[in-house]
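>>> what shape does this take:
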Amino acid sequence: MSDLPDLFPGFDARTVRTGGAEIFMRLGGEGPPLLLLHGYPQTHHAWHRLAPELARHFSLVIADLRGYGQSLAPASEDDHYPYSKRAMGIDMFEVMDALGHQKFMLLGHDRGARVAYRMALDSGDRIARLALLDILPTYTMWQSMNHGLAMSAYHWTFLAQPNPMPETLIGKAPDIYVDHTLASWSLTKDLSVFDETALSHYRALLASEDRCHAACEDYRAGETYDRQADEESLKAGGKIACPTLVLWGTDYVAKRAASPLDVWKDWCADVTGEAIVSGHFLAEEAPDDTLAAVVPFLKAE
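As a prediction, the model looks like this:
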């Protein structure tokens with residue numbers, strides 16, 4: 001996918017070898033370090049509308065998760081650990097080590113937000129501030145699975161089915177699947193909010209056999225390893241210690257919980273949040289409102 005058009009002019013490109021993968025990232029801006037982690041079915045290009053403004057305040061590290069974009073897709077295992085949020089988080093800690101950032105801020109969306117909160121639970125002393133876009137905890141999602149959630153979040157159970165069933169079905173028409181997924185999760189229920197260059201990257205993701213498999217493994221890990229890790233954290237009384245901001249779209253997560261903020265209070269020692277008029281893709285659908293909430297939070301002392 002490196003031959004596709006670029007949405008980050010002026011940003012450096014770098015690859016870092018970690019213990020379990022090879023992570024591609026964009027680097028740019030000045031100020032305290034801020035790591036950005038994208039969601040599904042996307043790549044680091046999901047941040048292209050926020051990056052110019054964020055780069056005025058922070059040293060940005062905009063990474064592709066393992067198995068996504070231009071990062072390596074390592075082999076999976078029976079327990080799905082290589083695509084667990086813990087394993088993905090270890091990648092990112094090693095990336096930040098390689099860049100000389102012992103402590104940093106973290107902004108994640110969707111799957112990237114799941115990696116982000118697992119990082120904060122596992123090694124909270126390294127995360128200065130945490131911002132999560134449009135998710136509920138993995139454990140909460142599975143425990144809340146009912147008729148309505150099963151219909152609106154069908155991909156959680158579909159993608160977690162054993163290999164090669166979802167890979168085979170998606171592989172027959174990857175563009176149709178990606179376009180349907182993006183449109184159905186947006187406020188307008190179409191593709192009008194997405195940049196065409198960004199769409200080309202998202203379509204290429206699931207058109208790639210190894211990345212399609214990696215994305216399915218991501219969800220298989222969510223149903224197994226990640227769900228269990230969350231339950232263990234809850235039973236141990238673990239909470240995210242750093243200041244945390246949660247933002248949610250009025251037409252996505254808000255429909256799945258009476259108050260997303262109330263859910264996150266059980267997981268965070270210090271959490272604030274608000275709704276953004278948007279579907280699931282806040283950074284692309286409502287970049288100005290998202291920046292208005294994120295930048296002051298991240299810059300607060």
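>>> measure Q70 to H201 for me?
Computed as Cβ to Cβ, to the nearest Å, the Q70 to H201 distance reads 9 Å. C-beta coordinates here come from the backbone N, C-alpha and C atoms, glycine included.
>>> between the two, who's got more neighbours?
The residue with more neighbours, out of Q70 and H201, is H201; 24 against 19, by other Cβ atoms under 10 Å.
>>> my read: that one touches L4, true?
Yes - at 5.6 Å, H201 and L4 qualify as touching, with contact defined as Cβ atoms under 8 Å.
>>> and the helices in the stretch 201-301 of the chain?
Secondary structure of the stretch 201-301 of the chain (DSSP state H, counting those that start in this stretch): helices located at 209-221, 227-235, 260-265, 282-285, 287-299.
>>> and G100, which of those is closest to it?
Smallest distance to G100 across these (Cβ to Cβ): 19.4 Å, for helix 287-299.
>>> that closest one - contacts with which helices or strands?
Packing contacts for helix 287-299, counted by 3 or more Cβ pairs under 8 Å, 6 or more residues apart in numbering; DSSP states H and E, involve helix 51-54, strand 104-109, strand 127-133, strand 244-249, strand 271-276, helix 282-285.
>>> among these, which comes closest to D226?
Comparing those by their distance to D226 (Cβ to Cβ), the top pick is strand 104-109, with 13.9 Å.
>>> the closest one packs against which elements?
Counting by 3+ Cβ pairs under 8 Å, 6+ apart, the packing neighbours recorded for strand 104-109 are strand 33-37, helix 111-122, strand 127-133, helix 287-299.
>>> turn these into TSV, columns for distance to A55, mean neighbour count and mean pLDDT.
Listed next are the helices and strands packed on strand 104-109 as TSV, based on distance: least, Cβ to Cβ, whole Å; neighbours: other Cβ atoms under 10 Å; pLDDT from 0 to 100:
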stretch	distance to A55	mean neighbour count	mean pLDDT
strand 33-37	9	25	99
helix 111-122	18	26	98
strand 127-133	16	25	98
helix 287-299	11	17	98
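>>> pipe these into a markdown table and attach distance to Q143 per row.
As requested, the helices and strands packed on strand 104-109 are exported to a markdown table (distance: least, Cβ to Cβ, whole Å):
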| stretch | distance to Q143 |
| --- | --- |
| strand 33-37 | 24 |
| helix 111-122 | 15 |
| strand 127-133 | 18 |
| helix 287-299 | 28 |
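>>> so which of these gets nearest T224?
helix 111-122 (13.7 Å).
>>> quick one: end-to-end length of stretch 227-247, please.
End-to-end distance of stretch 227-247 (Cα to Cα, to the nearest Å): 22 Å.
>>> what residues sit buried inside that stretch?
227, 229-230, 233-234, 239-240, 242-247 (16 or more other Cβ atoms under 10 Å).
>>> identify the farthest-apart pair in those residues.
Between any two of the buried residues of stretch 227-247 (Cβ to Cβ), the greatest distance is 26.1 Å, for R227 and P243.
>>> about what we covered before: JSON lines for the helices and strands packed on helix 287-299, including distance to D97?
As requested, the helices and strands packed on helix 287-299 are exported to JSON lines (distance: least, Cβ to Cβ, whole Å):
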{"stretch": "helix 51-54", "distance to D97": "22"}
{"stretch": "strand 104-109", "distance to D97": "10"}
{"stretch": "strand 127-133", "distance to D97": "14"}
{"stretch": "strand 244-249", "distance to D97": "23"}
{"stretch": "strand 271-276", "distance to D97": "27"}
{"stretch": "helix 282-285", "distance to D97": "26"}
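>>> low-scoring stretches of this protein, by residue?
When residues are selected by pLDDT under 70, those of the chain lie in 1-2, 254, 256-258.
>>> state the distance from the spatially most central residue of it to D266.
By Cα atoms, centre = their mean, the chain has its centre lying nearest to G112, at 1.9 Å. From G112 across to D266, the span is 21 Å (Cβ to Cβ).
>>> repeat for S123
Using Cβ to Cβ, S123 is found at 20 Å from D266.
>>> ok, now S76?
For S76, the distance to D266 equals 31 Å [Cβ to Cβ].
>>> what bridges to R17?
E22 (DSSP bridges).
>>> thinking again about what came up before, among the helices of the stretch 201-301 of the chain, which comes closest to F58?
Ranking the helices of the stretch 201-301 of the chain by proximity to F58 (Cβ to Cβ) places helix 287-299 first, at 7.0 Å.
>>> list of residues touching the closest one?
34, 49-50, 53-54, 57-58, 105, 107, 129, 131, 133, 243, 245, 247, 272, 274, 276-278, 282-283 (Cβ atoms under 8 Å, 6 or more residues apart in numbering).
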